[in-house]
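A.B. asks: Kindly return the folded structure for what I paste below:
(2 chains)
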Amino acid sequence: MKRWIPLILFAVLVGFFAKGLFLNPREVPSPFIGKPAPAFSLPVVGSTEQTFSPDDMKGKVWLLNVWAPWCVSCRQEHPLLMSLAKERSVTIVGLNWKDRDREAAQLLAQHGNPYVAVPDDLSGKTGIDYGVTGTPETYVIDREGVIRMKHVGPITPEVWAKKFEPKLKELGA
Amino acid sequence: MRFQPMKPVSRIHPRKRTSDARGGPGCFKQALASLLLVLSLGVHAGEAQPNAEDPVIEQRLVKMAEDLRCLVCQNESLAGSHAELAADLRREIREQMKAGKSDKEIIAYLTERYGDFVLYRPPFKPVTYLLWLGPLLFLGMGAGIWYLTLRKRRAVKAPTVDEKQLAAAAQLLNEK
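C.D. replies: Prediction:
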């Protein structure tokens, strides 16, 4: 028995390393889960006087998708967002993060706009308030305005089916 | 830093061009040159511009940012990172320092948004007990193993040798 101890210890170590190897380091646990979505009021892309605030969405389950025109992986998830918006199963708000070149309006006109509103976070401060580390990031916010889930990185059909759909069903969207 | 247009470079080495296209040594040199150029660009553009405005705040900022993790390049500190988000966060910290906020308040602002993950020194709380006490645990285990081994060694009795065996041994030694 005794001679097996080093082997067992080694196996445990390998187990830990294997687990660590397959973790996504970008998936930092968000401190916002279960907390109210930080308030903000930002001008909306394509409008001069309209503003958007999370309070406008009270009573709805919605997604806050943080994206940017300069973000390549946002384009990757764009077709999926388009089809989600078309099916009208989900309400998506697109926080336009640090769009210094002011390209959002043109890009959305060109490739389609899956968002019900596109608040314009030019300084990036609202993104920081939401703990955004990069684009795209997507938050699921419930009827009471509480953040229930956060996804880092582009939404793929698998991610949608595995992560978002069950959560949205649970929230009764 | 001012940028020179590309043109003069090709004018200096007009003959190099043909060999470059085929990937000769000129190609390597040019690649190296552009690599160095790119690296030097990073040096100039990325480092937190020393803000001469208020050296005290700058010093405080650097000291604090060294203990904070850059969320983008996770193995860099917020002080050393060239990531844009790091620059934004440094600016935010600087502003809050200027507004008279204490280090504690600023750290709270950051952990509220990014969690304990931003801290290179995670707080001592139930989830991190194992992290902080783990080394002590291993030290304890090592001490335990050491003690057990020593005790076992002591338990082994020294072999008894009688006169006959001693004489035989002496003989063997003398034979040589």
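
A.B. asks: Would you mind confirming that A:V118 is in contact with A:V45?
C.D. replies: Yes: between A:V118 and A:V45 there is a contact under Cβ atoms under 8 Å: 4.1 Å. Just so you know, the C-beta spots here come from the backbone N, C-alpha and C atoms, and that holds for glycine as well.

A.B. asks: residues shared between the contacts of those two?
C.D. replies: Jointly contacting A:V118 and A:V45 under the rule Cβ atoms under 8 Å, 6 or more residues apart in numbering or on different chains are A:N96, A:A104, A:L108.

A.B. asks: Save those as CSV, and put in secondary structure, distance to chain B and pLDDT too.
C.D. replies: CSV is the format used below for the shared contacts of A:V118 and A:V45 (DSSP: H, G, I helix; E, B strand; the rest coil; distance: Cβ to the nearest Cβ, whole Å; pLDDT from 0 to 100):
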residue, secondary structure, distance to chain B, pLDDT
A:N96, strand, 16, 95
A:A104, helix, 18, 92
A:L108, helix, 23, 94
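
A.B. asks: then the longest helix along chain A to CSV, C-alphas only?
C.D. replies: The longest helix of chain A (DSSP state H) is helix A:5-21. Provided in CSV are the C-alpha atoms of helix A:5-21 (Å, rounded to 0.1, in the frame of the first residue of the first chain):
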residue,chain,number,x,y,z
ILE,A,5,1.3,6.9,-2.0
PRO,A,6,3.6,8.9,-4.3
LEU,A,7,1.6,7.6,-7.3
ILE,A,8,-1.7,8.6,-5.7
LEU,A,9,-0.3,12.0,-4.9
PHE,A,10,1.0,12.4,-8.4
ALA,A,11,-2.4,11.5,-9.8
VAL,A,12,-4.1,14.0,-7.6
LEU,A,13,-1.7,16.7,-8.8
VAL,A,14,-2.3,15.7,-12.4
GLY,A,15,-6.0,16.0,-11.8
PHE,A,16,-5.6,19.5,-10.5
PHE,A,17,-3.4,20.5,-13.4
ALA,A,18,-5.8,19.0,-16.0
LYS,A,19,-8.7,20.9,-14.5
GLY,A,20,-6.7,24.1,-14.5
LEU,A,21,-5.6,23.5,-18.1
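
A.B. asks: wait, does that helix contact chain B?
C.D. replies: No: judged by Cβ under 8 Å from any Cβ of the partner chain, helix A:5-21 stays clear of chain B, getting no closer than 10.4 Å.

A.B. asks: and whichever helix or strand comes after that helix, average pLDDT?
C.D. replies: From helix A:5-21 onward toward the C-terminus, using DSSP states H and E, the following helix or strand is strand A:42-43. Confidence for strand A:42-43, expressed as mean pLDDT, is 94.

A.B. asks: what pairs with strand A:42-43, and is each one parallel or antiparallel?
C.D. replies: strand A:51-52 (antiparallel) (DSSP bridges).

A.B. asks: And the contacts of the strand it pairs with?
C.D. replies: A:S41, A:L42, A:P43, A:V44, A:V93, A:A117, A:V118, A:P119.

A.B. asks: Which residue ranges of chain A form strands?
C.D. replies: A:42-43, A:51-52, A:62-67, A:91-97, A:120-121, A:137-141, A:147-152 (DSSP state E).

A.B. asks: circling back to that earlier point, of the contacts of strand A:51-52, closest to A:V14?
C.D. replies: A:V93 (44.2 Å; Cβ to Cβ).

A.B. asks: Can you name every helix or strand that the helix or strand B:A87 falls within contacts?
C.D. replies: Using DSSP H and E, the element containing B:A87 is helix B:84-98. Applying 3 or more Cβ pairs under 8 Å, 6 or more residues apart in numbering or on different chains; DSSP states H and E, we find helix B:84-98 packed against helix A:125-129, helix B:55-65, helix B:103-114.

A.B. asks: Pick out the shakiest of these, pLDDT-wise.
C.D. replies: Among the helices and strands packed on helix B:84-98, helix B:55-65 carries the lowest mean pLDDT (a mean of 89).

A.B. asks: what about that helix, near chain A?
C.D. replies: No: for helix B:55-65, no contact with chain A is found by Cβ under 8 Å from any Cβ; the gap never falls below 14.9 Å.
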